[in-house]
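Enquirer: Next one to model:
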Amino acid sequence: MTTERRLRDALHQVDHFEPSPDLFARVSGSVEEDRAHRRRVRTVVGWTVLGVAAIAAFLMSMVQVASTGTLMLPRWSSELAATVVQVAITLVLGPAIRRFGKIYAADVFRLGRSTGNRFLKLLDIAFYLVFFGLILMNASLHDLGSLASLRSEAAVAFERLGVLLLAMGVLHATTLMVLPVIGLVFSSTVRTTKRRAAGGVPQATRGAEAAERVARFIIWGAIAAPILAVLLFLFLAVLGLSGA
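Expert: Model (predicted):
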């Protein structure tokens, strides 16, 4: 059969192509997901605008004008507003990070999707513990009944907000870099367990062997690093005592 005839037959077969029966369902689901995403965005934007307006109105109602013309504010009101803003940011960003991280975690833990979901739940707990702890550490309960200038209170509030956002960014970036390493060790462990359960040692590909060597290096490094650190500390302590 000539090339021209093969091409003609292939084009004729295209005329008899029938779409997948679940195509409409998949398209409808995609459209519905897009609508749900737009509703979430509108809801978040609406509540953000409403919250900012409420906090601004609350602070403006507390502002007092000193004899020198400086705008003064009770410290308790600025402390309350700063804490509410930080808590709201933590509560909003937590679910958002988890929603966008589901696909990433599924790729990392592709040999165990349920493990990836449980890992995300543990990360949620760590997220809230770390950042609510940071909010409590940054809170100041001294002289809440006194007056302070609006400019100085705003500077302190922006500084606390910046520290919170910076800590979120640093820890999130660290998680993105460390998570593939955890997934590599997990995949290596799962493959080794399955091979042992099969009663044999099937031939692994070069890529799998290299990945398992890296995983073993990471595991032994994680075990050896604390031991070496303790030994180094003891060695320096002995040198310090002998020098004294």
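
Enquirer: mind listing the strands for the chain?
Expert: 64-65, 71-74, 147-149 (DSSP state E).

Enquirer: Can you tell me which of those strands is most buried?
Expert: Most buried of the strands of the chain, by mean neighbour count (mean count of other CB atoms under 10 Å): strand 71-74, with a mean of 18. For the C-beta atoms, the positions are set from N, CA and C on the backbone; glycine is no exception.

Enquirer: ok, residues contacting it?
Expert: If you take CB atoms under 8 Å, 6 or more residues apart in numbering as the criterion, strand 71-74 is touched by 59, 62-66, 144-151, 153.

Enquirer: run the last query once more with 10 Å
Expert: 59-60, 62-66, 80-81, 144-154 (CB atoms under 10 Å, 6 or more residues apart in numbering).

Enquirer: Out of the strands of the chain, which gets nearest to Leu228?
Expert: Closest approach to Leu228 among the strands of the chain is made by strand 147-149 (49.5 Å; CB to CB).

Enquirer: Pull the contacting residues for the closest residue to Asn117 other than its chain neighbours.
Expert: Closest residue in space to Asn117, ignoring its immediate chain neighbours: Ala105 at 7.5 Å, by CB to CB, 6 or more residues apart in numbering. By CB under 10 Å, 6+ apart, the contact list for Ala105 reads Arg98, Arg113, Thr115, Gly116, Asn117, Arg118, Phe119, Leu120, Leu123, Leu179, Gly183.

Enquirer: distance of the fourth one from Ala96?
Expert: As judged by CB to CB, to the nearest Å, Gly116 and Ala96 stand 18 Å apart.

Enquirer: So those two - more neighbours on which side?
Expert: Taking other CB atoms under 10 Å, Gly116 and Ala96 do not tie; Gly116 has more neighbours (21 against 11).

Enquirer: so the more buried one sits right up against Tyr104, yeah?
Expert: Yes - between Gly116 and Tyr104 there is a contact at 9.1 Å, judged by CB atoms under 10 Å.

Enquirer: what is in contact with the two at once?
Expert: Leu179, Gly183.

Enquirer: what residues go with each domain of the protein?
Expert: 21-62, 65-179 (automatic domain parsing).

Enquirer: now do the same end-to-end measure for the longest one.
Expert: Going back to what we said before, that points to domain 65-179. 53 Å (CA to CA, to the nearest Å).

Enquirer: mind checking how far it is from the chain centre?
Expert: In terms of CA atoms, centre = their mean, to the nearest Å, the centre of domain 65-179 is found 12 Å from the chain centre.

Enquirer: Give me the contact list for stretch 217-231.
Expert: Val181, Ile182, Leu184, Val185, Ser188, Thr189.

Enquirer: rerun that using 6 Å as the cut-off
Expert: For stretch 217-231, contacts defined as CB atoms under 6 Å, 6 or more residues apart in numbering pick out Val181, Val185.

Enquirer: Just the CA coordinates for it, please, in CSV.
Expert: Only the C-alpha atoms of stretch 217-231 are listed here, as CSV (Å, rounded to 0.1, in the frame of the first residue of the first chain):
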residue,chain,number,x,y,z
PHE,A,217,22.7,8.6,51.7
ILE,A,218,20.1,11.0,53.0
ILE,A,219,18.9,8.6,55.7
TRP,A,220,22.4,7.9,57.0
GLY,A,221,23.3,11.6,56.8
ALA,A,222,20.3,12.5,58.9
ILE,A,223,21.3,9.9,61.5
ALA,A,224,25.0,10.8,61.4
ALA,A,225,24.6,14.6,61.5
PRO,A,226,23.2,14.9,65.1
ILE,A,227,25.8,12.3,66.4
LEU,A,228,28.6,14.3,64.9
ALA,A,229,27.2,17.5,66.2
VAL,A,230,27.1,16.1,69.7
LEU,A,231,30.6,14.7,69.5
